[in-house]
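Trainee: need a structure here:
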Amino acid sequence: MKLQMLGCSFHQTAVDFRERLNFSGPELSDTLKAFRQEFPNSELVLLSTCNRTELYTSTAGSEALDREEVITFLARQQNLTAEELLDRLIYRSGASAVEHLFTVAASLDSMVIGEAQILSQVKQAYDRACTFGSAGPLTHSVFQAANRAAKRVQTETAIHRRRVSVPSVAVGEVIPDFFDSIDNKSVLVVGAGEMAEETLRYLRTAGARQITLLNRTFETAATMAAQFECRCDRFETLPDQLHTVDIVVTTTSAPNYIIEKIGLRRYRQAAKRANVVDSRSRRSS
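Mentor: Residues are numbered from 1 along each chain as shown. Okay, here's the model as predicted:
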């Protein structure tokens, strides 16, 4: 009995491919149930985030689950072909798979080293596997150990004592490359989940005062906007908002692009026309 890992992350694959492999909500539960039915003697913990999709498997006895079987199963769940996955997924087994899991849980393999979200995501993946009965003796042992090790990394090292999340890097390091200060800049935040909340917190700390929050569920946006004392508006106003603000930060979990290149070009052209009309009216007056 040994642990195997099959999957991909931002290290090897582009965003569009990761989006095709991503599992969300009911898909996760359905996949764990389907795995249990197809491989009743095997274990599965499925970790799926915006940056990675990884299947940790193990089989009781000496017969290890074949790599091709897992690829075929994954392809079927996501309406892909095995050929589309074969050369894009990484495979680790035994000690290498265990080491990889520990590295991921400790946020040493993250896009932003030390970010705190990944540990909770690993724990949620394990808890979900326990709930649907796809975890087993080996995954119980390995994931619990990875959780303990990651917590030690958090408490016994300095890795989390700097900017350690995508929102913190965006606000603290990316935006300053374009603006000396954001206290007089208008900012649009799209989304009202955990990432949006963290983004708003950093924006406020950085001095942003003109913030508008959009979300598909207006009531959720209104609640969060009240918490951070900023404006909120209907999601449908996004096209109009784009050519009136200085900074746009999107934090949604949407499976598709919410701002497309063609649309963005159209918004810019509309803004330019508006500026030309405005300047002409000023001259005529």
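
Trainee: name the nearest residue to residue 209, sequence neighbours excluded.
Mentor: Leaving aside its sequence neighbours, residue 209 sits nearest to residue 183 (CB to CB, 6 or more residues apart in numbering; 5.9 Å). (Each C-beta comes from the backbone N, C-alpha and C, glycine too.)

Trainee: give me the element that neighbour is part of.
Mentor: Following DSSP states H and E, there is no helix or strand that holds residue 183.

Trainee: so that it lines up with my notes, have the first residue be 13 from now on.
Mentor: Sounds good: first residue 13 from here, last item residue 195.

Trainee: tell me the pLDDT at it?
Mentor: In this model, residue 195 is scored at 85, pLDDT.

Trainee: that one against residue 219, yeah?
Mentor: Yes. Taking contacts as CB atoms under 8 Å, residue 195 lies within contact range of residue 219: 4.0 Å.

Trainee: tabulate the CA atom coordinates of stretch 36-49 in CSV.
Mentor: Extracted in CSV, the C-alpha atoms of stretch 36-49 (Å, rounded to 0.1, in the frame of the first residue of the first chain):
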residue,chain,number,x,y,z
SER,A,36,-16.4,22.9,-7.6
GLY,A,37,-19.3,22.4,-5.2
PRO,A,38,-21.4,19.3,-6.0
GLU,A,39,-18.8,18.1,-8.6
LEU,A,40,-16.4,17.3,-5.8
SER,A,41,-19.0,15.2,-3.9
ASP,A,42,-20.2,13.4,-7.1
THR,A,43,-16.6,12.6,-8.1
LEU,A,44,-15.8,11.1,-4.7
LYS,A,45,-19.0,9.0,-4.8
ALA,A,46,-18.2,7.8,-8.3
PHE,A,47,-14.7,6.9,-7.3
ARG,A,48,-16.0,4.8,-4.4
GLN,A,49,-18.3,2.9,-6.7
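
Trainee: can you give me the helices in the stretch 113-262 of the chain?
Mentor: Assigned by DSSP state H, counting those that start in this stretch, the stretch 113-262 of the chain shows helices spanning 129-143, 149-168, 178-181, 206-218, 230-240, 250-254.

Trainee: and of these, who's closest to residue 54?
Mentor: Shortest distance between residue 54 and those, using CB to CB, is found for helix 149-168: 10.0 Å.

Trainee: a strand runs through residue 65, doesn't it?
Mentor: Yes. Assessed by DSSP: H, G, I helix; E, B strand; the rest coil, residue 65 belongs to a strand.

Trainee: so what sits opposite it in the bridge?
Mentor: Under the criterion DSSP bridges, residue 65 forms beta bridges with residue 20, residue 60.

Trainee: report how many residues lie close to residue 144.
Mentor: By other CB atoms under 10 Å, the residues close to residue 144 number 18.

Trainee: return the residues in contact with it.
Mentor: Contacts here follow CB atoms under 8 Å, 6 or more residues apart in numbering; on that basis residue 144 touches 41, 44, 45, 48.

Trainee: part of a strand, is the second one?
Mentor: When you say that, I think you mean residue 44. No. Assessed with three-state DSSP, residue 44 is helix; it does not lie in a strand.
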